[in-house]
Each structure stands twice: as C-alpha cells, then as structure tokens.
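Student: Please work out how this folds:
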Amino acid sequence: MKQPRFDLDLDKHCNATVVIACGNCGSETRQHLRSLQPDHTLRCRCGADISLGAGALQRAQQQVAHLRVAYRQ
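Tutor: Coordinates of the predicted model:
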C-alpha cells in the first residue's frame, strides 16, 4: 500500500485533525489524531484502504507538539 499524503488542522483548542489524501482518487479523509492507531485502516469514499504507518503518525504528533508550542508563545 502506498503511503498517503497528510496534513494537519488544529482547532482553537489546539486539538489536531489529520487530513489524509487518498492515493487513488485524491479525496480527503479527516480523522482526529488522538483516535488514530499506526497502520489502522480507514476506508476512502472510493473504496480504497488508507492508513498511516507508525513513522508517519509519530511525525504528525511531533508536528502538532511544535505547533502547540508556537501558538502558545
């Protein structure tokens, strides 16, 4: 399975939502970062399976930690 692209959205309380782009159709699936587990499969609207590996999930968590520090300064 090809590793999907992802982006992060933070709400006003600094809660992170991961926006994962499907490698097949390009549509975006949104999932709260706290509810994601490494290699847990999500289903895209086109029927493709998408997931983030442990490394990608760890990078997302690190990015959120850096963003939270930056926003609170």
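Student: Pick out the residue nearest the middle of the chain.
Tutor: Among the residues of the chain, the one closest to the centroid is V18, at 2.8 Å (C-alpha atoms, centre = their mean).
Student: What residues sit buried inside the strand or helix carrying it?
Tutor: Assessed by DSSP states H and E, V18 sits inside strand 16-21. Within strand 16-21, the residues that count as buried by 16 or more other C-beta atoms under 10 Å are A16, T17, V18, I20, A21. C-beta: built from backbone N, CA, C; applies to glycine.
Student: And the contacts of it?
Tutor: Residues outside strand 16-21 that contact it (C-beta atoms under 8 Å, 6 or more residues apart in numbering) are 4-11, 27-34, 36, 42, 50, 52, 60, 64.
Student: who does it pair up with?
Tutor: Counting by DSSP bridges, the strands paired with strand 16-21 are strand 5-10 (antiparallel), strand 28-32 (antiparallel).
Student: any low-confidence regions in this structure?
Tutor: Across the chain, the ranges flagged by pLDDT under 70 are 1-3, 73.
Student: is it true that C25 lies in a helix?
Tutor: No: read with DSSP: H, G, I helix; E, B strand; the rest coil, C25 is coil and lies in no helix.
Student: Dihedrals phi and psi, the closest residue to it other than its chain neighbours?
Tutor: Of all residues not flanking C25 in the chain, C46 sits nearest, at 4.2 Å (C-beta to C-beta, 6 or more residues apart in numbering). Note on C46: its backbone torsions stand at phi -80, psi -10 [degrees, to the nearest 10].
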